[in-house]
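> Okay, here's the prediction I keep looking at, along with the sequence it came from:
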Amino acid sequence: MSRPDRVCVGAIAGSFGVSGEVRLKSFCTAPEDIAAYGPLWTEDGARSFTVRLTRAAVSGGVGARLSGVATKEQADALKGTGLYADRDRLPALPDDEFYHADLIGLTVQDTGGAVIGTVQAVHNHGAGDLLEVAGPGLKAPLLLPFTLAIVPTVDLKAGRIVADIPEGLE
């Protein structure tokens with residue numbers, strides 16, 4: 001389980017070459033920014049890595065060297081490992097932007113104040129963010145487009161989201 005004072009900024013996508021270089025999938029707006037937020041930690045906090053970029057960003061990924069990773073086998077063993085940065089190393093966001101980690105766990109209410117459920121995950125398959133909402137009144141998780149029209153209010157301090165759910169989506 002990740003710590004609330006850390007945010008997932010990327011993942012190790014696999015090895016690159018035979019000398020311990022890794023391919024990093026960066027979740028940062030500018031993929032190369034992942035190196036600026038180090039050290040980066042595994043989800044459980046058991047390991048940390050300093051990151052030195054070695055190859056240019058391509059499709060949201062970068063080539064890198066991680067401290068303590070010297071062989072292809074070590075790099076391969078880390079494939080799929082999430083990389084977390086300390087929150088205080090990340091830039092502050094404008095009022096209308098949010099880190100996905102801050103949205104997970106928020107209560108979702110409709111415009112009348114009725115509780116729909118809680119945000120379980122945030123997905124992005126290329127067309128924008130989707131909030132996955134689960135709750136006792138839902139047969140299956142609800143996927144809400146995270147747009148201003150559908151989610152007009154995000155109140156992190158109150159721990160809630162107000163959603164104007166279009167008919168047929170529930």
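All right, it came through fine. As the structure is a computational prediction, the values presented were derived from the model and not from experiment. Residues are numbered from 1 along each chain as shown.
> Show me the contact partners of the least confident helix or strand in the chain by mean pLDDT.
Across the helices and strands of the chain, mean confidence by mean pLDDT, DSSP states H and E is lowest for strand 51-58: a mean of 85. Residues outside strand 51-58 that contact it (Cβ atoms under 8 Å, 6 or more residues apart in numbering): 16, 21, 24, 26, 30-32, 34-35, 38-40, 62-66. Any C-beta I mention is one placed from the backbone N, CA and C, and that applies to glycine too.
> repeat for stretch 119-139
100, 103-106, 108, 115-118, 141-147, 151, 161, 163, 170.
> Buried among those? Make that a ChimeraX selection.
Provided next is the ChimeraX selection string for whichever of the contacts of stretch 119-139 are buried by 16 or more other Cβ atoms under 10 Å:
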select :100,103,106,108,116,117,118,142,144,146,151,161,163
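> Can I get the buried ones among the contacts of strand 51-58 as something I can paste into PyMOL?
Only the buried entries of the contacts of strand 51-58 go into this PyMOL selection, using 16+ other Cβ under 10 Å:
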select buried, resi 16+21+24+26+31+34+35+38+39+40+62+63+64+65+66
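> Pull the residues that contact stretch 86-101.
2, 4-9, 36-38, 41, 122, 129, 148, 154, 156.
> quick one: least confident of these?
Lowest pLDDT among the contacts of stretch 86-101: residue 2, with 51.
> quick one, domains of this structure?
Domain assignment for the chain by automatic domain parsing gives 6-89, 100-163.
> Just say which of these is most tucked in.
Of all those, domain 6-89 carries the top mean neighbour count, a mean of 17, counting by mean count of other Cβ atoms under 10 Å.
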